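Peer 1: Got a sequence here, can you build the structure:
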Amino acid sequence: MSLPELRTARLRLRPLQAADAPAVAEGIGDWRVMQWLSSPPWPYRLADAEWFIGDDASAGAFAIEMGGRVVGIVDAADEFGYWLAVPVWGQGIMSEAARAVLGWRFVEDQAPLLSGYFLGNGPSRAVLTKLGFAPTRLLPRFHCPMGQTLALQEMVLTREAWEAVR
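Peer 2: Numbering: from 1, shown residues only. The predicted structure follows:
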(Lines give C-alpha, C1' and ligand atoms only; values in the text may rest on other atoms or scores of the structure.)
Protein backbone atom coordinates (compact mmCIF):
# COMPACT_ATOMS: atom_id res chain seq x y z
CA MET A 1 0.00 0.00 0.00
CA SER A 2 1.47 3.30 -1.10
CA LEU A 3 1.31 6.07 1.49
CA PRO A 4 -0.03 9.47 0.55
CA GLU A 5 0.92 12.77 2.12
CA LEU A 6 -1.69 13.86 4.66
CA ARG A 7 -2.04 17.31 6.22
CA THR A 8 -3.74 18.56 9.35
CA ALA A 9 -3.88 22.05 10.85
CA ARG A 10 -0.37 21.68 12.32
CA LEU A 11 1.12 18.56 10.80
CA ARG A 12 2.38 17.00 7.62
CA LEU A 13 2.24 13.19 7.58
CA ARG A 14 4.30 11.53 4.88
CA PRO A 15 6.29 8.40 4.10
CA LEU A 16 9.61 8.14 5.91
CA GLN A 17 12.75 9.20 4.02
CA ALA A 18 16.40 8.35 4.57
CA ALA A 19 17.04 11.95 5.66
CA ASP A 20 14.67 11.41 8.62
CA ALA A 21 17.02 8.97 10.33
CA PRO A 22 18.75 11.48 12.67
CA ALA A 23 15.43 12.89 13.95
CA VAL A 24 14.01 9.38 14.38
CA ALA A 25 17.09 8.21 16.28
CA GLU A 26 16.99 11.27 18.52
CA GLY A 27 13.26 11.05 19.27
CA ILE A 28 12.98 7.34 19.89
CA GLY A 29 16.38 7.22 21.58
CA ASP A 30 14.96 8.89 24.70
CA TRP A 31 14.16 6.26 27.34
CA ARG A 32 10.89 8.07 28.18
CA VAL A 33 9.72 7.15 24.66
CA MET A 34 11.46 3.78 24.38
CA GLN A 35 10.11 2.38 27.65
CA TRP A 36 6.64 2.02 26.07
CA LEU A 37 7.71 0.44 22.75
CA SER A 38 7.97 -3.32 22.38
CA SER A 39 10.35 -4.00 19.53
CA PRO A 40 13.12 -1.42 19.03
CA PRO A 41 16.57 -2.21 20.36
CA TRP A 42 18.04 -0.31 23.30
CA PRO A 43 20.07 1.77 23.15
CA TYR A 44 18.67 3.07 19.86
CA ARG A 45 21.27 4.44 17.47
CA LEU A 46 21.37 6.20 14.12
CA ALA A 47 22.13 2.88 12.39
CA ASP A 48 18.91 1.44 13.85
CA ALA A 49 16.88 4.32 12.43
CA GLU A 50 18.58 3.96 9.04
CA TRP A 51 17.82 0.23 9.02
CA PHE A 52 14.18 0.77 10.02
CA ILE A 53 13.58 3.42 7.37
CA GLY A 54 15.15 1.20 4.68
CA ASP A 55 13.29 -1.94 5.77
CA ASP A 56 9.88 -3.18 4.60
CA ALA A 57 8.73 -2.91 8.24
CA SER A 58 8.45 0.86 7.78
CA ALA A 59 6.33 0.62 4.62
CA GLY A 60 3.15 1.68 6.48
CA ALA A 61 4.80 4.26 8.72
CA PHE A 62 4.09 7.96 8.40
CA ALA A 63 6.62 10.53 9.58
CA ILE A 64 4.88 13.12 11.75
CA GLU A 65 6.38 16.41 10.65
CA MET A 66 5.76 19.63 12.57
CA GLY A 67 7.44 22.87 11.66
CA GLY A 68 9.62 21.05 9.13
CA ARG A 69 10.97 18.57 11.71
CA VAL A 70 10.06 14.91 12.24
CA VAL A 71 8.69 14.58 15.78
CA GLY A 72 7.29 11.05 15.66
CA ILE A 73 5.90 8.17 13.67
CA VAL A 74 2.43 6.69 13.31
CA ASP A 75 1.80 3.38 11.54
CA ALA A 76 -1.56 1.83 10.69
CA ALA A 77 -0.46 -0.99 8.39
CA ASP A 78 -0.72 -4.25 10.37
CA GLU A 79 -1.07 -2.89 13.91
CA PHE A 80 -1.63 0.69 14.94
CA GLY A 81 1.59 1.89 16.53
CA TYR A 82 3.13 5.24 17.25
CA TRP A 83 5.61 7.29 19.21
CA LEU A 84 6.17 10.98 19.74
CA ALA A 85 9.31 12.88 20.79
CA VAL A 86 9.26 14.12 24.38
CA PRO A 87 9.53 17.88 23.60
CA VAL A 88 6.10 17.81 21.89
CA TRP A 89 4.22 15.67 24.42
CA GLY A 90 0.99 17.04 25.83
CA GLN A 91 0.07 19.18 22.82
CA GLY A 92 -2.53 16.88 21.21
CA ILE A 93 -0.18 16.09 18.34
CA MET A 94 -0.60 12.32 18.48
CA SER A 95 -4.38 12.54 18.52
CA GLU A 96 -4.27 14.93 15.54
CA ALA A 97 -1.87 12.72 13.59
CA ALA A 98 -3.74 9.53 14.45
CA ARG A 99 -7.10 10.92 13.33
CA ALA A 100 -5.66 11.80 9.93
CA VAL A 101 -3.97 8.41 9.47
CA LEU A 102 -6.99 6.42 10.69
CA GLY A 103 -9.31 8.40 8.40
CA TRP A 104 -7.11 7.46 5.46
CA ARG A 105 -6.65 3.86 6.63
CA PHE A 106 -10.38 3.10 6.92
CA VAL A 107 -10.96 4.37 3.38
CA GLU A 108 -8.21 2.03 2.14
CA ASP A 109 -8.97 -0.96 4.37
CA GLN A 110 -12.20 -1.64 6.28
CA ALA A 111 -10.76 -4.43 8.45
CA PRO A 112 -10.50 -3.92 12.23
CA LEU A 113 -7.18 -2.58 13.45
CA LEU A 114 -5.32 -3.88 16.51
CA SER A 115 -3.21 -1.82 18.87
CA GLY A 116 -2.31 -1.88 22.52
CA TYR A 117 -0.34 -0.35 25.34
CA PHE A 118 1.83 -1.62 28.15
CA LEU A 119 0.14 -1.33 31.53
CA GLY A 120 1.18 1.91 33.18
CA ASN A 121 1.17 3.93 29.95
CA GLY A 122 -1.80 6.14 30.78
CA PRO A 123 -1.21 8.67 27.97
CA SER A 124 -1.26 5.93 25.32
CA ARG A 125 -4.38 4.40 26.86
CA ALA A 126 -6.05 7.82 26.72
CA VAL A 127 -5.14 8.38 23.06
CA LEU A 128 -6.39 4.95 21.99
CA THR A 129 -9.62 5.27 23.97
CA LYS A 130 -10.28 8.76 22.54
CA LEU A 131 -9.84 7.32 19.03
CA GLY A 132 -12.46 4.60 19.69
CA PHE A 133 -10.23 1.60 20.40
CA ALA A 134 -11.82 -0.88 22.79
CA PRO A 135 -9.94 -3.28 25.11
CA THR A 136 -9.98 -6.92 24.08
CA ARG A 137 -7.59 -8.91 26.26
CA LEU A 138 -4.53 -8.63 28.44
CA LEU A 139 -1.60 -10.56 27.05
CA PRO A 140 2.13 -11.03 27.57
CA ARG A 141 4.35 -9.19 25.07
CA PHE A 142 8.11 -9.31 24.93
CA HIS A 143 9.64 -5.89 25.54
CA CYS A 144 12.93 -5.87 23.62
CA PRO A 145 14.42 -2.76 25.30
CA MET A 146 14.07 -4.34 28.77
CA GLY A 147 14.59 -7.91 27.60
CA GLN A 148 11.54 -9.18 29.47
CA THR A 149 7.87 -9.93 29.02
CA LEU A 150 5.38 -7.28 30.17
CA ALA A 151 1.57 -7.06 30.31
CA LEU A 152 0.05 -5.49 27.20
CA GLN A 153 -3.57 -4.39 26.99
CA GLU A 154 -4.63 -5.31 23.48
CA MET A 155 -7.23 -3.04 21.88
CA VAL A 156 -9.19 -3.08 18.64
CA LEU A 157 -10.77 -0.40 16.48
CA THR A 158 -13.51 -1.30 14.03
CA ARG A 159 -14.57 0.97 11.21
CA GLU A 160 -17.95 1.35 12.91
CA ALA A 161 -16.36 2.45 16.19
CA TRP A 162 -14.11 4.85 14.27
CA GLU A 163 -17.10 6.40 12.48
CA ALA A 164 -18.92 6.76 15.82
CA VAL A 165 -16.12 8.85 17.41
CA ARG A 166 -15.28 10.98 14.37
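Peer 1: can you point me to the longest helix in this structure?
Peer 2: helix 93-108 (DSSP state H).
Peer 1: In that helix, which residues are buried?
Peer 2: For helix 93-108, a neighbour-count test (16 or more other CB atoms under 10 Å) marks Ile93, Met94, Glu96, Ala97, Ala98, Arg99, Ala100, Val101, Leu102, Trp104, Arg105, Phe106 as buried. For every residue, glycine as well, the C-beta is placed using N, CA and C.
Peer 1: Just send these back as CSV, with pLDDT and distance to Ile53 too.
Peer 2: Converted to CSV, these look like this (pLDDT from 0 to 100; distance: CB to CB, whole Å):
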residue, pLDDT, distance to Ile53
Ile93, 96, 21
Met94, 96, 20
Glu96, 97, 23
Ala97, 97, 18
Ala98, 97, 21
Arg99, 97, 24
Ala100, 97, 21
Val101, 97, 18
Leu102, 97, 22
Trp104, 95, 20
Arg105, 95, 20
Phe106, 95, 26
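Peer 1: Does Thr136 touch Met155 like I think?
Peer 2: Yes - with contact defined as CB atoms under 8 Å, Thr136 counts as touching Met155 (6.3 Å).
Peer 1: Between the two, which contacts overlap?
Peer 2: Leu114 (CB atoms under 8 Å, 6 or more residues apart in numbering).
Peer 1: Compare neighbour counts for the two and give me the winner.
Peer 2: Met155 (22 against 14; other CB atoms under 10 Å).
Peer 1: That one belongs to a strand?
Peer 2: Yes - under DSSP: H, G, I helix; E, B strand; the rest coil, Met155 sits within a strand.
Peer 1: ok, it to Ala111 distance?
Peer 2: 15 Å (CB to CB, to the nearest Å).
Peer 1: Can you show me the strands along this structure?
Peer 2: Using DSSP state E, the strands of the chain run over 6-7, 12-15, 61-66, 69-75, 81-84, 113-118, 134-143, 148-157.
Peer 1: Would you mind giving me the confidence score for Gly60?
Peer 2: As predicted, Gly60 sits at a pLDDT of 89.
Peer 1: ok, and what's touching the longest helix of the chain?
Peer 2: By CB under 8 Å, 6+ apart, helix 93-108 touches 1, 4, 6-11, 13, 62, 64, 66, 71-72, 74, 76, 80, 82, 84, 113, 127, 130-131, 157, 159, 162-163, 166.
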